[in-house]
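K.L.:
I need the structure of the sequence given here:
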Amino acid sequence: MAARAGLFRALLRARVSQKQIRHASMSFTVCKELEASSFSEDRTCKANNGMDRIFSGIQPTGIPHLGNYLGAIQNWVRLQEEYNSVLYSIVDLHSLTVPRDPPYLRQSILDTTAAILACGINPKRCFVFQQSQVPEHAELGWIFGCFTSVPRLRRLPQWKIKNTSQNNEGNVGLFMYPVLQAADILLYKSTHVPVGEDQVLHLELAQDIAQHFNKKYGKFFPKPRAILNSTKKIKSLRDPTAKMSKSDPQKLATVSITDSAEEIALKFRKAVTDFTSEVTYDPDSRPGVSNLVSIHAAVTGLSIKEVLHQSVGLDTAHYKMIVAEAVIQKLAPVRNEIKRLQQDKCHLENVLKAGAEKAKELAAPVYQEVRRLVGLQ
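P.N.:
Next up, the predicted model:
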């Protein structure tokens, strides 16, 4: 409580109006679509009855951090209201590329489910399901793997980075990760995929696989388009040149969406900036304070320009507390809802089960037709 009181005293000393720390609940950033060439209209490509379909996945790493929330989940919530066919998957098969204790993985799947529901994902507006409960994902991934060359996968930068980090002993699952991603997307004939900038090349692989399959067997898969969130990538509070990560060894670097108000205030108070007190936005020369501005804009729904206008005359020390309070207000209801949902394991399991059943209804006919086309039946 003392830390909380100190936070508000700092706000009062900065003589900040309520307007400066307000946030727009459930206000989401506008995203932009990458242009992609259209695909031929025929009986196979119109399997969605001309309907756009969204697919995206999240690894079951437990409770997401602030970067996950602002960079992906918040955008998911908006998309479920804009599109009529949306699938969000807990991609547990992908998570096996890193060794995990089985009980921990099982709990992480439920915690991740609780988190995205608490953030606003509505199972009545989209299908929320566990990837491994729809076996067609892995089966289609194998077929796609037979159409994908080893050199093509080796060129992907994420494989190079992760394989190097594992002393060039990365497993086959890690190598095939992008192929399974392509199967995740194309299994539902998805037309749009919300992705981060670091995943664009993986989506391009999915496009290439779809194009190769269509060329060999006739038009069947649509060419999925990327939807990029305009929210700036959220960086570490201790090293603003690196992205915020749950695995960061520095405890003050990452804000979990279940952090208490006191923990959030401490982390922002200790956030790395520079020796210039003015609040400006220049990610190249002032990455620390620019990261704070990006976070402030994302949690309030304001533009970078609006945030800077409201911050005229503030020094970075006071501004850190303004951003902290905006984050506290944004995450408080989310944190409370996560705690409530974690107490209802049965509900979480039922959500995933129901979502998987609905996903199977979409996946089964697509996969059966793939089997027929390639000669398996």
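K.L.:
residue contacts, the closest residue to G288 other than its chain neighbours?
P.N.:
Nearest non-adjacent residue to G288, counting by C-beta to C-beta, 6 or more residues apart in numbering: T273, 3.9 Å away. (Glycine included, C-beta is placed from N, CA and C.) Contacts for T273 (C-beta atoms under 8 Å, 6 or more residues apart in numbering) come out as R286, G288, V289, L292, T316, K320.
K.L.:
Take those and keep only those in helices.
P.N.:
Among the contacts of T273, the ones falling in helices (DSSP state H) are G288, V289, L292, T316, K320.
K.L.:
Can you tell me, leaving aside adjacent residues, what's nearest to Y69?
P.N.:
In space, Y69 is closest to I257, 5.3 Å off (C-beta to C-beta, 6+ apart).
K.L.:
Quick one: classify L376 as helix, strand or coil.
P.N.:
Secondary structure, DSSP: H, G, I helix; E, B strand; the rest coil: L376 is coil.
K.L.:
now do Y88
P.N.:
Put simply, Y88 is strand when judged by three-state DSSP.
K.L.:
May I have the helix or strand hosting V179 as PDB, with CA atoms only?
P.N.:
Element membership of V179, judged by DSSP states H and E, is helix 172-186. Written as PDB, here are the backbone C-alpha positions of helix 172-186 (Å, rounded to 0.1, in the frame of the first residue of the first chain):
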ATOM      1  CA  VAL A 172      13.700 -31.700 -36.300                       C
ATOM      2  CA  GLY A 173      10.500 -30.300 -34.700                       C
ATOM      3  CA  LEU A 174      12.100 -26.800 -34.600                       C
ATOM      4  CA  PHE A 175      13.200 -27.100 -38.200                       C
ATOM      5  CA  MET A 176       9.700 -28.200 -39.300                       C
ATOM      6  CA  TYR A 177       8.000 -25.600 -37.100                       C
ATOM      7  CA  PRO A 178       7.100 -23.300 -40.100                       C
ATOM      8  CA  VAL A 179       5.700 -26.200 -42.100                       C
ATOM      9  CA  LEU A 180       3.300 -27.000 -39.200                       C
ATOM     10  CA  GLN A 181       2.400 -23.400 -39.100                       C
ATOM     11  CA  ALA A 182       1.500 -23.500 -42.700                       C
ATOM     12  CA  ALA A 183      -0.700 -26.500 -42.000                       C
ATOM     13  CA  ASP A 184      -2.300 -24.700 -39.100                       C
ATOM     14  CA  ILE A 185      -3.300 -21.900 -41.400                       C
ATOM     15  CA  LEU A 186      -4.300 -23.800 -44.600                       C
END
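K.L.:
So for it, what gets flagged as buried?
P.N.:
Going by neighbour count (16 or more other C-beta atoms under 10 Å), the buried part of helix 172-186 is 174-186.
K.L.:
ranges for the strands of the stretch 1-150 of the chain?
P.N.:
With strands called from DSSP state E, counting those that start in this stretch, the stretch 1-150 of the chain shows them at 31-33, 54-58, 86-90, 127-130.
K.L.:
on that earlier part again, mind putting the ones in helices among the contacts of T273 into CSV with distance to K162 and pLDDT?
P.N.:
CSV is the format used below for these (distance: C-beta to C-beta, whole Å; pLDDT from 0 to 100):
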residue, distance to K162, pLDDT
G288, 27, 98
V289, 31, 98
L292, 29, 98
T316, 35, 96
K320, 33, 98
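K.L.:
if I look at the closest residue to L362 other than its chain neighbours, how far off is A356?
P.N.:
Excluding the flanking residues, the one nearest L362 by C-beta to C-beta, 6+ apart is Y188, at 5.2 Å. Y188 is 13 Å from A356, where distance means C-beta to C-beta, to the nearest Å.
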